[in-house]
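# take this sequence and fold it.
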Amino acid sequence: MVLGILGSGSGSNMQAIFDAITAGTLAARIALVLSDNPDAFILERARRHGIATGLIDCHGFKTKFPAEAQQETAACLQAAGVELVCLAGFLRLVKQPLLGAFPKQIINIHPSLLPAFPGLESWQQALTAGVAETGCTVHLVDAGMDTGPIILQQAVPILPGDSAASLHARIQEAERRLYPAAIAKLAASRG
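Predicted structure coming up:
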């Protein structure tokens, strides 16, 4: 399966996917890594592994992902032969026309057990709510925020004395195991 990865940050989930491919536990290839942040470390990680990179021009918008930018992103991914788009810490809401260009072929990892705690800083939401556990979810992306069909989930207990930082760190460890497993599950289901 040919992967395209969109990220805005450090790229730790991209690294986990790459490591699973290298270890032979994930039959895939990362063809392209794109970021809306020219300083994102995900781009450096990709370059170190010889993976093609590019920038997403959001035309001056800080959080919006304008249709023109989504169309340009879709064209880049299609030109690279991407079969599955993986959002890895990508902080913009994907809508049309990118969803239409890759129907049921865009996945995201979210740091909660969806449908609980969608949106930003879900680990803090979980702490504030006083729940006993949270976790992470890989799901198909649809037009909503963190509302697409769930592929895989992994629970992470909330420990006494957990801070937002300590809980988030444990969720990120779980994410790095779950994301490659979810991609492998999708690849197997698609033949």
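
# and the closest residue to residue 102 other than its chain neighbours, helix, strand or coil?
Distances taken as C-beta to C-beta, 6 or more residues apart in numbering place residue 85 nearest to residue 102, at 5.2 Å, with adjacent residues excluded. (Glycine included, C-beta is placed from N, CA and C.) Judged by DSSP: H, G, I helix; E, B strand; the rest coil, the three-state class of residue 85 is strand.

# now residue 152
Under three-state DSSP, residue 152 comes out as strand.

# what is the neighbour count of residue 105?
For residue 105, the neighbour count with other C-beta atoms under 10 Å is 19.

# separation between the closest residue to it other than its chain neighbours and residue 183?
Nearest non-adjacent residue to residue 105, counting by C-beta to C-beta, 6+ apart: residue 84, 5.5 Å away. Distance of residue 84 to residue 183, given as C-beta to C-beta, to the nearest Å: 7 Å.

# please give me every residue in contact with the closest residue to residue 87 other than its chain neighbours.
Nearest residue to residue 87 in three dimensions, chain neighbours excluded: residue 108, at 4.1 Å (C-beta to C-beta, 6+ apart). Listed by C-beta atoms under 8 Å, 6 or more residues apart in numbering, the contact partners of residue 108 are 86-87, 90, 138-139, 141, 146, 148.

# got the phi/psi numbers for the residue lying closest to residue 11 once chain neighbours are set aside?
Using C-beta to C-beta, 6+ apart and skipping the chain neighbours, the partner closest in space to residue 11 is residue 42 (2.9 Å). Main-chain torsions, residue 42, degrees, to the nearest 10: phi -60, psi -30.

# which parts of the chain are strands?
2-7, 29-35, 52-55, 84-87, 106-110, 133-140, 150-157 (DSSP state E).
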